[in-house]
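*Asks:* 3D, please:
(chains A and B)
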Amino acid sequence: MQKINKNVVLALLSLTSLVFLLFQLYYYKFYLSHKNGAVFSKVRGSQSGQDSTRWHVVRKFLGLISSHNIPVYLIDPLILGLVDKDIEQIRSSPDGPSPECKYFCAPRDFTTFALLDKTWKHEVGLFRTAEKMGFQWLKIINKDPRLDGMDDLSGIEIPLHYIFKLASHAIHLVVFYERSGNYLWHGPLRLKQHMDRKFVPFRKLHFGRYPGAYEKPELLLVSIDDLKVQIPKNPSSFLEEMSHSRFLECRYREARAFFQLYPDDASLDAVEFRKKAKSLLHLAALTLNSLGVKFWLSSGTCLGWYRQCNVIPHSKDVDLGVFIRDYKADIIPAFQKAGLPLKHKFGKVEDSLELSFQGEDDVKLDIFFFYEEDDHIWNGGTQAKSGKKFKYLFPKFTLCWTEFVELKVHVPCETLQYVEANYGLDWKVPVKTWDWKSSPSNVQYNGVWPVDEWDDVIQIY
Amino acid sequence: MDEWKPNPAVKPHKKRSWYLAWKYKLMNQRALRKLCQTGAVLFLLVTVIVNIKLILDTRRAAYEEEEESAQDYDDEMMNVEVPRRPVSNKKVLDVEVYSSRSKVYVAVDGTTVLEDEAREQGRGIHVIVLNQATGHVMAKRVFDTYSPHEDEAMVLFLNMVARGRILIFTIKDEGSFHLKDTAKNVLKSLGSQVAPFLSWRDMWTFVGKKGGEVYGEKHAKSPALSTWGDPVLLKTEVHLTSVEDAECHWPDTELNRRRKRFCSKVEGYGSVCSCRDPTPIEFNPDPLKDNKVFDVPVAVIAGNRPNYLYRMLRSLLSAQGVNAQMITVFIDGYYEEPMDVVELFGLSGIQHTPISIKNARVSQHYKASLTATFNLFPDAKFAVVLEEDLDISVDFFSFLSQSIHLLEEDESLYCISAWNDQGYEHTAEDPSLLYRVETMPGLGWVLRKSLYKDELEPKWPTPEKLWDWDMWMRMPEQRKGRECIIPDVSRSYHFGIVGLNMNGYFHEAYFKKHKFNTVPNVQLKNVESLRKDAYETEIHRLLGEAEVLDHSKNPCEDSFVPDTEGRVYVMFIRMEQEADFTTWTQLAKCLHIWDLDVRGNHKGLWRLFRKKNHFLVVGVPASPYSSKKPSSVTPIYMEPPAKEEGAVA
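*Replies:* The predicted model follows:
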């Protein structure tokens, strides 16, 4: 009896085993043919075979694009990180043969390259050749943000990303566009409904979760692992830039809706003010950038960007925010040198610092310094005649890039919270009379400066 | 094996399978059998577990992927693609054609593709071209053959239609008065029995295949001169052919793929769609050496005149030094056919939702196009602005390349234009000569980005202002005394005869005889003398050497200018103050040049050619050049005709 039962179980197990074996074959076949082993890359094949696959795919890709005269450059953070460690050596021997495959064989799913849109002509021939070489490719297109700010233009969708897949490796080609403000932009990667979601593990891509803004990089032609590629001249600063590259598009649609409700002021005064505010902002950005001081649009200027994608014509000044840790004593002389004399200085570096510079024709530049606490960020205000101090509280925020009046500038990524903290829930309604001591919804009374400090903390020129 | 307990739920099998019996016989030794069995069970268990794990792993990986794409990478707009109208595989089309005095319509498979019952409009023969394989409308035209010359246009059009296309004709109101024999013969050759006998106020419908069968024809004779024929309704069936038969077999290249797409959609573009020796759609003109405008964006402003756009783009792409990548065509409205033309040439086109009406619509379209151009090419300092009804001279870019630095360096310049308002066949001569003028001619011009961004864009007329953008740009508030550079011989030719402010008569009178440069690579002379101060020196030199004409003669007469060549002559007219153009306007009128407003002046001086002599006109005393007038000469005064003065007053 026992023996029979045992044998029955044995038979059952064999049967299951056989079934599973079939399953295994089926899965293996399924993934091999449809996913080209992307998921299996960890499980399948010997490590060294994988390594050389990556190198071969990169080599094939570089061959493909050079045969079409398309200048791409390497922006893969993984490889650039490795390259950066040996950058001196690579720079000094641009042509030397490398003994081992050190960079392009490193384990990863993708190799990322960048392409400047204006340097190629969108020839379809590229993709034909790619197919002949065995690449599968995917193109991700979307609306052209350069036309997004405009009323009712359509017709252009631009390529934002390309993915070329061969065997178990894929090349991610990010298309960079030049935009007003002299910077490069790449778009987010969003799959349309009919697209193959399993083409590659999209989540592992290094670019595409958000749009990004970059300076135009200086390039260097190097030979690594016997492949000639262009890389950013300074990989470490590129990687640093990459970590803060998130870009926010202005909310053009909402801005249009706003102007439907509150038609734009097209008077000559408004035109003039906007022109002055724009040139003041350009000058301020130039000055602060050359000092390496990170700044963002604050208060009314930030509201103008967020609400109407433009300078608010009745705001009468330009407001910038700077973290107090980025404060530099050179700021004041630098602005003076740029033709913007100091108008007043309130507070001190330790507490409630605020600088105002006099721009052309009564347009004022205010720089507020922000102090970080554990759970909030604040900046200070001072009433000159009474020595009263005020404190404006904001929830914590990080900085994103955006484009404003043809300038690449920072704004708080969490703009809505920032604007709501400052202007309350009614920020969408334009207010012409504004009292900086009482109107903001995040203002707190913060005592009075001791009289003996007044000379220092209240300076008016 | 002993500790292994059988499942009591499983009923013991009494019958052994033949396999097990056989195995049992073989494995007689108990210990060995036990070992083997344990090994086998263990092995099987491990395989099962590994397999389960594998399945779970792959499942999870697949699931994660699905999830991640759902989370981060979904297009948030969720724009569900509108399902295309299913292409019916029907082989037969039902066609209905109606012809009457006040209404015509054509319906294909129940869909109305033409309906015209507007009063005082759409008189004549309506023609519709259908694709013989898909039944799509490829062209729609109306030829007012009650009026002269329209039948010639119809013949031209019908000759351009490819063989095999389905043609539908119907008459609204009257279509025979100026339908000449040539046209009637063409209709007859298409298979019409009635066409040769079509007469006054007859109603007529006809459906046929070009170079093939006739699907139907109906006709109603007008009983008397004062009445129309009875309305006729033709219902017929058209048999569709296969797609392959409807297409030409061009070699499979990228260009031909574009051509194929274009030719399967639209008709009426002539040899571009001929199966044999189609006209090229790529031109590869010689590149320009040291081309300074290679990176300057070109904005082509277009409406719904696709045939014009086709002609315009052909000439533009044939101009030396053209850079197709910098060209963007801005189409005012969501018209398909202009976009088809743009795609045929492999250019990029942008459609613009029309805002406002009439002139304001054009003006808003200009603004959107200019803003978009500078957004798309943020590096550009300039933009070339063209319109869809211009021919572009072969040396257009060469002309700009040689002169663009002036616009960059000379603050007193407003634009560079390819158009000379006064440059007619009989008044322009020298393609290498440039002028400075106080007016803004437009019609192919270069705009400085700083001018647009800092001055024009912020105060561009809003949609409710029914202003012409060009008139607005000419206003002193905008122009601020700055001038434009123009060539003596225009580098563009305005061929449009239908348009917002245009009609056949107007075109004939003011545009047809305009001189247009066809010489390639013209070396411009003295470009540097176009700078503000240098130009004054140049003018003074010119006036110094100019011979004063005989002011006792009539300046309108040909004999006013001696029969010489290459000389410089000057005449003086009366011009009381800066805005007094009474005499000038009369002179312009009798010289048959632009007289509708003042164009082409520079400080009270006009420069043109008469009988191949440079001919200068100075307004005295308003012009600063009045000092050059010899005291003996009395400026000529020409009175405007009395009746017109009355009309103006």
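*Asks:* Pick out the residue of the stretch 151-300 of chain A closest to chain B.
*Replies:* Shortest the stretch 151-300 of chain A-to-chain B distance, computed as CB to the nearest CB: residue-wise this is residue A:152, at 3.3 Å. (Each C-beta comes from the backbone N, C-alpha and C, glycine too.)
*Asks:* which ones are touching that residue?
*Replies:* Shown in contact with residue A:152 (CB atoms under 8 Å, 6 or more residues apart in numbering or on different chains): B:352, B:353, B:355, B:368.
*Asks:* Can you classify the third one as helix, strand or coil?
*Replies:* Three-state secondary structure (criterion: DSSP: H, G, I helix; E, B strand; the rest coil) places residue B:355 in coil.
*Asks:* element containing the closest residue to it other than its chain neighbours?
*Replies:* Closest residue to residue B:355 apart from its sequence neighbours, by CB to CB, 6 or more residues apart in numbering or on different chains: residue B:364 at 4.2 Å. Remark: residue B:364 resides in helix B:358-376, with elements defined by DSSP states H and E.
*Asks:* Quick check: next helix or strand after that helix?
*Replies:* strand B:382-387.
*Asks:* Which residues does that next one contact?
*Replies:* B:293, B:296-302, B:312, B:316, B:366, B:370, B:373-374, B:377, B:392, B:400, B:404, B:407-408, B:442-449, B:452, B:492, B:496.
*Asks:* what mean pLDDT does the following helix or strand past that strand have?
*Replies:* Downstream of strand B:382-387, the first helix or strand assigned by DSSP H and E is strand B:390-392. Regarding strand B:390-392, the rounded mean pLDDT is 95.
*Asks:* Residue ranges in the chain under the pLDDT threshold?
*Replies:* No chain was given, so I picked chain A. A:1-4, A:27-50, A:94-99, A:151, A:154-155 (pLDDT under 70).
*Asks:* right idea, wrong chain: chain B
*Replies:* In chain B, residues with pLDDT under 70: B:1-29, B:58-90, B:499, B:502, B:643-649.
*Asks:* tell me, how many neighbours does the nearest residue to residue B:305 once chain neighbours are set aside end up with?
*Replies:* Leaving aside its sequence neighbours, residue B:305 sits nearest to residue B:388 (CB to CB, 6+ apart; 5.8 Å). Using other CB atoms under 10 Å in any protein chain shown, the number of residues around residue B:388 comes to 26.
*Asks:* now the residue nearest to residue B:355: how far from residue B:37?
*Replies:* 88 Å (CB to CB, to the nearest Å).
*Asks:* Neighbour count: the two, which is higher?
*Replies:* A count of neighbours by other CB under 10 Å puts residue B:364 above the other of residue B:364 and residue B:37, at 25 against 18.
*Asks:* Show me the contacts of strand B:382-387 that map onto strands.
*Replies:* Under the assignment DSSP state E, the contacts of strand B:382-387 contribute B:298, B:299, B:300, B:301, B:302, B:392, B:445, B:446, B:447, B:448, B:492 to strands.
*Asks:* For the residue in the stretch 451-600 of chain B that chain A sits nearest to, which residues are in contact?
*Replies:* Per CB to the nearest CB, the residue of the stretch 451-600 of chain B with the smallest distance to chain A is residue B:458, at 4.4 Å. Listed by CB under 8 Å, 6+ apart, the contact partners of residue B:458 are A:271, A:274, A:275.
*Asks:* which ones among those residues are found in helices?
*Replies:* A:271, A:274, A:275 (DSSP state H).
*Asks:* so what's the first one closest to, chain neighbours aside?
*Replies:* In other words, residue A:271. Using CB to CB, 6+ apart, the nearest residue to residue A:271 is residue B:458, at 4.4 Å.
*Asks:* same deal with the last one?
*Replies:* The spatially closest residue to residue A:275, leaving aside those adjacent along the chain, is residue B:454, at 6.3 Å (CB to CB, 6+ apart).
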